[in-house]
Each structure stands twice: as C-alpha cells, then as structure tokens.
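# Could you work out the structure for the sequence below:
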Amino acid sequence: MLLRCCTHLLDFYGRCGVLDKIRFFDEYCFVEPGGRISVMKPDLASLARFPALGWRDKLAIARGLRAMRREPSSDSITFAAWLAAHHQTEAAVRRFWRPIVVSALNEEPERASARPAFQVLREGFLGSRDGYHMGVPAVPLSELYSPAAFPKVRLHLRTPLQRLTDVAADFYLSAVPFERVNELAPDLRLDLSRFKHSPITGIHLWFDREITPLPQAALLDRTIQWMFRKSPLHYHLVVSASRSLVLLPRQEIIDLACRELAEFFPAVRRARLERAHVIKETRATYAPLPGVEAARPGPETKFPNIFLAGDWTSTGWPATMEGAVRSGYRAAEAIARAHGGALLPRPPHPGQPA
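Residues are numbered from 1 along each chain as shown. Prediction:
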C-alpha cells in the first residue's frame, strides 16, 4: 500500500515501467463490527458524514488537524501524548488516528514518536488534494520488483552476505537492515542502540466464494486492521505492529482472522476456507520511537567510498517504501557528488505535473 504523496516511490515505479500496475483509490472504507461502512476523504464534509464517529469525536479530530497544521512536530513525545494534550476523544483515537498511524508507521501511538506521525498526516491528509489517494499493487510483488527492470545490474538472489572485507571497488553501497550493518562492516561503528524492531503479520485467505465486493477496508476495533481484496476468492489481511500475534501458532492466527472477518462480512460464515497462508515479518521495520529520528544516519559514512541506504536511514519519512526509495536516491546523489557526477532529477512534489 502507498499514497500518491509518495513521489519518489512513484518516480521509481515509472523508471521500472510498472507505474500502470498500481491501482489508486480516492476514498477509504472503514468497517465496524456488524458491517456498517463509513467512507472517508480528507475533507470536513466527509468527516461530518462519518457514521462511525459522534459529533464530539469529529470536532476533536477537526481541532487536532488544525493544531497539526500550525504546531511544530516533536520527536521527544509519543503521538498518544500529543493526542491527549489536544483533548482527543477515546473514539477519535480508536477509530481515526490509530488506524491511520499504525498502518503508516507500523507502531502504536503509545510508542510512536509524534514527529513521523505528523509527517505522514501532513503529507497525506493536509498536503495536496490527491496526496491521500491510496495505491495498491494490482500484480504480485515479484512482478512489481522484477529483476528484468534492472538489465544493467548483476543481481545475486538468495545469496547471504556474512561480512564486507574487500574495499577495492570505487564505491560500496550498503542497503541492508540496521541490525546487519555493524555485523557486515564493523569498522563503521554506527551507534544504532536506539533502534528496535516492529513486526507485521500478513494473512492470506482463499474462500470458495466472494465475501465482500469492497476492494479495501480498514477494520475497526479488532486485531485485524486492513483487508485487501486480491480477487473475488482471495483476501489479504494485514496487522501492523503485530506483537500480539508473533508467538501465536499459525492455526490460531487463521482462526482469529476468520472469526473477526465474519464480524465485518457475514458472508464469511457461509463460506468455506479453501486455503490460508500466514507471513510473520518479525523484523519488518524499525520502530519510530521518540528519539530515534536523531539517531538515523545519513548516506555518508566515515569512509569516503562506503555509503548507506535503507528505510531506517535519515530520509524525512518513516519506514515505508517511500522512505526506502528516498534513501536510495539520497545515496545515489552522495555517490555522484563523491564521483563529481550529475545528480538525479528530483521527482515532482505532490500535485505538480511530472
């Protein structure tokens, strides 16, 4: 999932020739247990019609968004602390702020820094008119990120790297996760003590019939957070910051997913589950805890020919595909500067023509 404000990621897809493989939606569906659907767009009229929230909740959200426009973000407090200081109601937090922030940051508001939460909400909901549009790949990720898109690059797939010892090349670029950097290149001596992991769990369910025509939906007040309809029979469920699921056996997760899904879509009760697949990514992203932002390194290192990339480096974005691509572009620019070459053309800002 991505947003149209992810300009660098969209630029990357364009370079790879797969931009037409992304399907965009201009509204979000929030479904309550029992099946009631609320449709959200980032405007006050849509918020006023949002049946999942009462008027006190909606007024609190409007006040919060106004405050977010004018206040500086802080990396020293959690987003939950900021919400409490701005008198957000329990329902506003549970049914608006939390679903958006958890899916965007892969972290709970009680743990996440206010700064990356501000950044995502400002870019997606308070920026350009179409920055909030949700994009979902219409093809498998293996096709979206096909090696065929990089004909001049030699790729060594499924080849573990234990340690970087040869420094004879002109330049090296490390794009490994933060927990591997000092292991591969201990001489870098990066202080990554503030970095922790946050998990994501994906659950794929195949039924013998269609359970909903909705292409995507945020599922409120339950463990399962998002549903993406891959086909009439195939549904992808996502749980971000899924610490409660990490230690559960596979079958318990499948049972929980089917039980909760039936609360939103009654057709599940009449359907037969044909197949299921659970993917636990225990090290999916770094956790954007307060204080981590200042610890994110830039692309340069203490060695003039070794550079860093990765969504955990300093990009101005949290751990997203947009942040990952921005890190790659920043590293490429740093290498170009070191080599005396030209920089990459920058992607347009949201709302500007390409």
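# so which helix or strand takes in Val39?
Following DSSP states H and E, one finds Val39 within strand 37-40.
# Report the buried residues of that strand.
For strand 37-40, burial by neighbour count (16 or more other CB atoms under 10 Å) applies to 38, 40. Using the backbone N, CA and C atoms, a C-beta is placed for each residue, glycine as well.
# and Ala117, how many neighbours does it have?
Neighbourhood size, Ala117 [other CB atoms under 10 Å]: 26.
# can you check the one 4 residues further on too?
The criterion is other CB under 10 Å. On that basis, Leu121 has 23 neighbouring residues.
# Pairing partners for the strand holding Val39, with directions?
Applying DSSP bridges, strand 37-40 is found paired with strand 28-31 (antiparallel).
# Quick one: low-confidence residue ranges for this protein.
Along the chain, segments meeting pLDDT under 70 span 166-167, 342-354.
# Longest strand in it, please.
Assignment by DSSP state E gives strand 273-286 as the longest strand of the chain.
# How far off centre is it?
Chain-centre distance of strand 273-286: 15 Å, with CA atoms, centre = their mean, to the nearest Å.
# ok, and what's touching that strand?
The set of residues external to strand 273-286 that reach it, using CB atoms under 8 Å, 6 or more residues apart in numbering, is 106, 177-179, 195-208, 233, 242, 245-246, 250, 253-254, 257-258, 292, 311-312, 318-319.
# same question, stretch 107-120
68, 73-83, 93, 97-98, 100-102, 104-105, 198, 240-241, 287-293, 316-318.
# Quick one: end-to-end distance for it.
13 Å (CA to CA, to the nearest Å).
# in that stretch, what counts as buried?
Neighbour count says stretch 107-120 has 107-109, 111-120 buried, by 16+ other CB under 10 Å.
# Looking at those, which one is closest to Lys41?
Closest to Lys41 out of the buried residues of stretch 107-120 is Val120 (16.7 Å), distances taken as CB to CB.
# so how far is Ala92 from that closest one?
17 Å (CB to CB, to the nearest Å).
# Just the buried positions in stretch 250-260, please.
Applying 16+ other CB under 10 Å to stretch 250-260 flags 253-254, 256-258, 260 as buried.
# and of those, the nearest to Val139?
Closest to Val139, out of all of those and judged by CB to CB, is Ala257, at 23.8 Å.
# give me every residue that touches that closest one.
Here Ala257 is in contact with 203, 205, 224, 237, 276 (criterion: CB under 8 Å, 6+ apart).
# What sits closest to it if chain neighbours are left out?
Counting by CB to CB, 6 or more residues apart in numbering, Ile203 is the residue found nearest to Ala257 once chain neighbours are left out, at 4.7 Å.
# Likewise for Arg163?
With CB to CB, 6+ apart, the residue lying closest to Arg163 is Leu184, at 5.6 Å.
# Please look at the one you found and Tyr172 and confirm they touch.
No: using CB atoms under 8 Å, Leu184 is not in contact with Tyr172; the gap is 10.1 Å.
# between the two, who's got more neighbours?
Between Leu184 and Tyr172, Tyr172 has the larger neighbour count (other CB under 10 Å), namely 17 against 14.
# Now do the phi/psi pair for the spatially closest residue to the more buried one that is not a sequence neighbour.
Nearest residue to Tyr172, sequence neighbours excluded (CB to CB, 6+ apart): Ile306, at 4.8 Å. Note on Ile306: its backbone torsions stand at phi -120, psi 130 [degrees, to the nearest 10].
# Also Leu188?
phi -70, psi -30.
# care to break the chain down by domain?
Listed domain ranges for the chain are 27-129, 197-286 (source: automatic domain parsing).
# circling back: buried ones among the contacts of Ala257?
Of these, these count as buried by 16+ other CB under 10 Å: 203, 205, 224, 237, 276.
# From those, pick the one nearest Asp130.
Leu237 (26.9 Å).
# In strands, which of the contacts of strand 273-286 fall?
Counting by DSSP E, the contacts of strand 273-286 contribute 197-207 to strands.
# now, which of the residues you listed sits nearest Leu9?
Each of those was checked against Leu9 using CB to CB; the closest is Ile200, at 17.7 Å.
# Quick check: the gap between that closest one and Asn106.
6 Å.
# Extract the CA atoms of stretch 20-34 and return them as CSV.
Extracted in CSV, the C-alpha atoms of stretch 20-34 (Å, rounded to 0.1, in the frame of the first residue of the first chain):
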residue,chain,number,x,y,z
ASP,A,20,0.4,1.3,-14.5
LYS,A,21,0.4,-1.7,-12.2
ILE,A,22,-0.7,0.5,-9.3
ARG,A,23,-4.5,0.9,-8.7
PHE,A,24,-5.5,4.1,-6.9
PHE,A,25,-8.5,4.8,-4.7
ASP,A,26,-9.7,8.2,-3.7
GLU,A,27,-11.6,7.2,-0.6
TYR,A,28,-11.1,5.0,2.5
CYS,A,29,-13.7,2.5,3.7
PHE,A,30,-13.9,2.0,7.5
VAL,A,31,-16.0,-1.0,8.5
GLU,A,32,-17.3,-1.5,12.0
PRO,A,33,-18.1,-4.9,13.6
GLY,A,34,-21.7,-5.6,12.4
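# what's the spacing between it and its chain's center?
With CA atoms, centre = their mean, you get 15 Å for stretch 20-34.
# can you give me the helices in the stretch 151-300 of the chain?
Assigned by DSSP state H, counting those that start in this stretch, the stretch 151-300 of the chain shows helices spanning 178-184, 250-264.
# what angle sits between the longest one and strand 273-286?
Spelled out, it's helix 250-264. Calculated by axes from the mean of the first three to the mean of the last three CA atoms, to 10 degrees, helix 250-264 forms an angle of 100 degrees with strand 273-286.
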